[in-house]
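1. show me the folded form of this:
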Amino acid sequence: MKTTAGACLFLIAASAPAMTQGLASYYGLTPGRSKQADVEAVLGTPKRISRESAGLLYVYAKPRDGANYVEVLMDKKTLKVRTIVVDPDNTSVSHVVKLFGTAYQRVRYAFDNC
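-> Numbers count the residues shown, from 1 in each chain. As a prediction, the model looks like this:
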């Protein structure tokens with residue numbers, strides 16, 4: 001994946017159903033709570049859907065607010081959102097807090113300049 005300076009990945013995840021209280025959400029989509037139909041209602045038809053070992057992965061290219069892409073993984077048993085990964089395009093931390101609240105996780109990779 002090609003990144004630009006200041007671009008980072010932001011991950012919203014639910015590790016267990018009991019952990020969903022207080023989690024960040026993306027336009028009302030909350031891991032452990034939101035379902036497949038909720039994702040489609042908020043983000044529309046995905047650019048690509050793939051079957052992963054953990055469930056269905058929906059990939060959206062430039063869905064909202066300047067994001068390069070958004071990936072939503074739905075649990076294969078419950079079809080509830082398991083994780084949401086957002087790759088913003090040169091966004092600030094304050095904008096991330098506006099979108100997700102303070103319950104987000106910043107993920108850094110060696111290839112990433114953030």
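
2. quick check: beta-bridge partners of the closest residue to residue 72 other than its chain neighbours?
-> Counting by CB to CB, 6 or more residues apart in numbering, residue 72 lies nearest to residue 58, which is 4.5 Å off, once chain neighbours are set aside. Glycine gets a C-beta too; all of them are placed from N, C-alpha and C. Under the criterion DSSP bridges, residue 58 forms beta bridges with residue 49, residue 72.

3. correct me, but residue 58 touches residue 42?
-> No: with contacts counted by CB atoms under 8 Å, residue 58 stays clear of residue 42, the gap being 10.9 Å.

4. of these two, which one has the most company?
-> residue 58 (22 against 15; other CB atoms under 10 Å).

5. contact partners for the more buried one?
-> Residues in contact with residue 58 (CB atoms under 8 Å, 6 or more residues apart in numbering) are 39, 43, 46, 48-49, 71-74.

6. could those go into CSV alongside distance to residue 98 and neighbour count?
-> Shown next, in CSV, are those (distance: CB to CB, whole Å; neighbours: other CB atoms under 10 Å):
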residue, distance to residue 98, neighbour count
39, 21, 24
43, 18, 18
46, 24, 19
48, 28, 11
49, 29, 12
71, 21, 18
72, 20, 30
73, 24, 20
74, 25, 23
